[in-house]
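>>> below: sequence and its predicted model.
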Amino acid sequence: MTLVAGVDSSTQNCKVVIRDAATGDLVRSGRAGHPHGTEVDPEHWWQALRTAISRAEGLDGVAAIAIAGQQHGLIALDIDGRVIRPALLWNDTRSAAAARDLVSETGAETYAGRTGTVPVASFTAAKLRWLRDNEPDNAAKVAAVALPHDWLTWRLRGYGPAASSPLGPELGELVTDRSDASGTAYWNPSTGEYDLELFERALGHAATLPRILGPSERAGTAAGTSIVVGAGAGDNAGAALGLGAARGDVVVSIGTSGTVFAVTGRPTSDSTGTVAGFADATGLFLPLVATLNAARVLDAVAGVLDVDHDRLGLLALEAPPGSHGLVLLPYFEGERTPNLPDATATLFGLTLRSTTRPALARAAIEGMLCGLADGLEAVRGQGVETGRILLIGGAAQNAAVQAIAAQTFEPPVVVPRPGEYVADGAATQAAWALTGTRPRWPLSIAAEPAPDHRPVIREQYTRHAP
Ligand SMILES: Nc1ncnc2c1ncn2[C@@H]1O[C@H](COP(=O)(O)OP(=O)(O)O)[C@@H](O)[C@H]1O
Ligand SMILES: O=C(CO)[C@@H](O)[C@H](O)COP(=O)(O)O
């Protein structure tokens, strides 16, 4: 049996799956936690990857591996391959003003036309600009810029600072792929090239950027082994690949971030900045809307109600659609879409009838899903075909979230069996890099909640949303 490994280095955890390359059967897996916070020393991610691999009983028998990861995070390296400061993550909003400055100097139309996106705080370009404005000494030291999956792939291949890596600080050996490059706001999805002028406008000077590999290209081998290393991908592109999402499938992922995206054959460019014109991991495109407030909205409300996720779901189903008029705008961490980095969460419609534990539980789920339903509408507004919804991510495992999703979204909702689809996409890519042929592993469906669209949920949310 030929084995392949896929990694999801996500915001909260590192997950490793090891699959049979021919059938896709899961052979073993492991995971390890990441530190909390929106600024993290990437060394923690490297250590978590090593721990997750060892919890998956190591890479014995594995012929190829690829790493997918959280997008956008800024890893700034000096000339010796050392990390200059902790990475700034996609959900770190301190770069909101820097994003506004970039857009006002360059123009939203220009950004959308040249990069497919209009940067907000999440994007790497905005983080570079923040570094330049706020930590000029650090900015001056930047010799290379990598994203989380690029840097982990580099480390896995044996590169890094001289003191801790066998192959040393070869910055020219950094690689990435189209999907993650498309989240930087200095890469052009139409040409497939970096926009070096926009990069330099953000950082203030030139630096080494990872070479962009094609979907099935090999990055090299894991240090000291003959294990093939694939290009890797951004996490959402990884999920699309892992699900085998076809044109017309919309993926709604409810993890730390909430994302809505669909595979399409042409690049998009939305100068309002709502839809990010990303690339996918197969050579196509992946228009995407992301929210900062997703599964952790439910974590927070479950905490307030002092219940676990299952009980939160049961409570929510005790209240009717619309939660007796209670509406939660769930901007606990500010928000990315809509672009409200300084917003906070608000509850509307508190009456004696709606001030109940069930209504609060339901309002949390409805509020979280309404942000994603707005995202679906925006993706559709880009002329993208949107058929069924594939609902994934930690919170998609909750039966109440599934049922309320079928009430919030108009298209039919399908819930794939619980799984690590980002890591599966990376494993698919590893098999592709190994054999030269993209594997088509079967997808099992766990639930198909009956269509039950209730317009009241979005109508009352829209009345309160900015
Ligand atoms: N049954 C559940 N109901 C609601 N939320 C859940 C459930 N199971 C896990 N979660 C939440 O899902 C999140 C993790 O989802 P995941 O997709 O693994 O995140 P990420 O990949 O972004 O780290 C956590 O916030 C967790 O509390
Ligand atoms: O910012 C985005 C996509 O644009 C997020 O998807 C991040 O990539 C992190 O995702 P998770 O850790 O929630 O999977």
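Yep, it's here. Ligands and ions are numbered 1, 2, ... in the order given.

>>> how is Pro451 assigned, secondary-structure-wise?
Under DSSP: H, G, I helix; E, B strand; the rest coil, the three-state class of Pro451 is coil.

>>> contacting residues for the residue of the chain found nearest ligand 1?
Of all residues in the chain, Gly394 sits closest to ligand 1, at 2.1 Å by C-beta to the nearest ligand atom. (Glycine included, C-beta is placed from N, CA and C.) By C-beta atoms under 8 Å, 6 or more residues apart in numbering, the contact set of Gly394 is 254-255, 295.

>>> among those, who's most crowded?
Ile254 (26 neighbours; other C-beta atoms under 10 Å).

>>> Arg218 reaches Val229, doesn't it?
Yes. The criterion here is C-beta atoms under 8 Å, and Arg218 meets it with Val229 at 6.7 Å.

>>> could you pull out the strands in the stretch 201-350 of the chain for me?
Here the stretch 201-350 of the chain has its strands, by DSSP state E, counting those that start in this stretch, at 211-213, 218-221, 228-230, 233-234, 248-254, 258-262, 276-279, 285-291, 327-329, 346-348.

>>> pick the most deeply packed of those.
Highest mean neighbour count of those: strand 233-234, a mean of 34 (counted as mean count of other C-beta atoms under 10 Å).

>>> that strand packs against which elements?
With contacts defined as 3 or more C-beta pairs under 8 Å, 6 or more residues apart in numbering; DSSP states H and E, strand 233-234 has these neighbours: strand 62-69, helix 178-181, helix 421-435.

>>> near ligand 2, anything from the last one?
No. With C-beta under 6 Å from any ligand atom as the measure, helix 421-435 is seen stopping short of ligand 2, the closest distance being 6.6 Å.

>>> can I get that helix as CSV, trimmed to CA atoms?
Output of helix 421-435 as CSV, limited to C-alpha atoms (Å, rounded to 0.1, in the frame of the first residue of the first chain):
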residue,chain,number,x,y,z
TYR,A,421,-11.1,18.1,4.5
VAL,A,422,-8.2,20.6,4.4
ALA,A,423,-5.7,17.9,5.4
ASP,A,424,-7.4,15.6,2.9
GLY,A,425,-6.9,18.1,0.2
ALA,A,426,-3.2,18.3,1.1
ALA,A,427,-3.1,14.5,1.0
THR,A,428,-4.7,14.5,-2.4
GLN,A,429,-2.1,17.0,-3.6
ALA,A,430,0.6,14.8,-2.2
ALA,A,431,-0.7,11.8,-4.1
TRP,A,432,-1.0,14.0,-7.2
ALA,A,433,2.7,15.1,-6.9
LEU,A,434,3.7,11.5,-6.3
THR,A,435,1.9,9.9,-9.2
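
>>> next structured bit after the one helix or strand Arg388 maps to?
Applying DSSP states H and E as the criterion places Arg388 in strand 386-392. Heading C-terminal from strand 386-392, the first helix or strand you meet, by DSSP H and E, is helix 399-408.

>>> beyond that next one, next helix or strand please.
strand 413-416.

>>> partner strands of that following strand and their direction?
Pairing partners of strand 413-416, with direction, according to DSSP bridges: strand 386-392 (parallel), strand 445-447 (antiparallel).

>>> wait, which of the ones you listed is closest to ligand 2?
Of those, the one closest to ligand 2 (C-beta to the nearest ligand atom) turns out to be strand 386-392, at 10.0 Å.

>>> ligand 1 contacts on this protein?
Where the chain comes near ligand 1, counting by C-beta under 6 Å from any ligand atom, the residues are 10-13, 255-256, 295-296, 298-299, 309, 393-395, 397-398.

>>> most neighbours of all these, which one?
Ala395 (27 neighbours).

>>> any idea how far that one is from Thr153?
29 Å (C-beta to C-beta, to the nearest Å).

>>> Asp235 now?
14 Å.

>>> for the stretch 151-300 of the chain, give me the ranges with low pLDDT.
Judged against pLDDT under 70, the stretch 151-300 of the chain has no low-scoring part.

>>> around ligand 2, pick out the residues from it.
183, 235-236, 255-257, 259, 288, 290.

>>> kindly check the end-to-end length of stretch 159-167 for me.
For stretch 159-167, the separation between the terminal residues is 5 Å (C-alpha to C-alpha, to the nearest Å).

>>> repeat for stretch 108-126
First-to-last residue span, stretch 108-126, C-alpha to C-alpha: 14 Å.

>>> pLDDT (mean, whole number) over that stretch?
Mean pLDDT, stretch 108-126: 97.

>>> buried sites along it?
For stretch 108-126, the neighbour count (16 or more other C-beta atoms under 10 Å) marks 108, 111-112, 114-126 as buried.

>>> ok, of the residues you listed, which one's closest to ligand 2?
Using C-beta to the nearest ligand atom, these come closest to ligand 2 at Ser122, 5.3 Å.

>>> what's the closest non-adjacent residue to that closest one?
Trp90 (4.6 Å; C-beta to C-beta, 6 or more residues apart in numbering).

>>> and the helix or strand encompassing Ala52, what's buried?
According to DSSP H and E, Ala52 maps onto helix 42-55. The neighbour-count check on helix 42-55 (16+ other C-beta under 10 Å) flags 42, 44-46, 48-49, 51-53, 55 as buried.

>>> and stretch 16-32, by the same measure?
16-21, 24, 27-32.

>>> got it, and stretch 172-184?
In stretch 172-184, counting by 16+ other C-beta under 10 Å, buried: 173-184.

>>> of those residues, which is the nearest to Leu328?
Gly183 (28.2 Å; C-beta to C-beta).

>>> assign a three-state SS to the closest one, would you?
coil.

>>> next, it: phi, psi?
Here is the backbone geometry of Gly183 (degrees, to the nearest 10): phi -100, psi 10.

>>> next: Leu376.
phi -60, psi -40.

>>> list the contacts for the closest residue to it other than its chain neighbours?
The shortest distance from Leu376 to any non-neighbouring residue, by C-beta to C-beta, 6+ apart, is to Val260 (5.1 Å). Going by C-beta under 8 Å, 6+ apart, Val260 touches 250-253, 288-289, 372, 375-376, 379.

>>> what about Val260, distance to Asp280?
14 Å.
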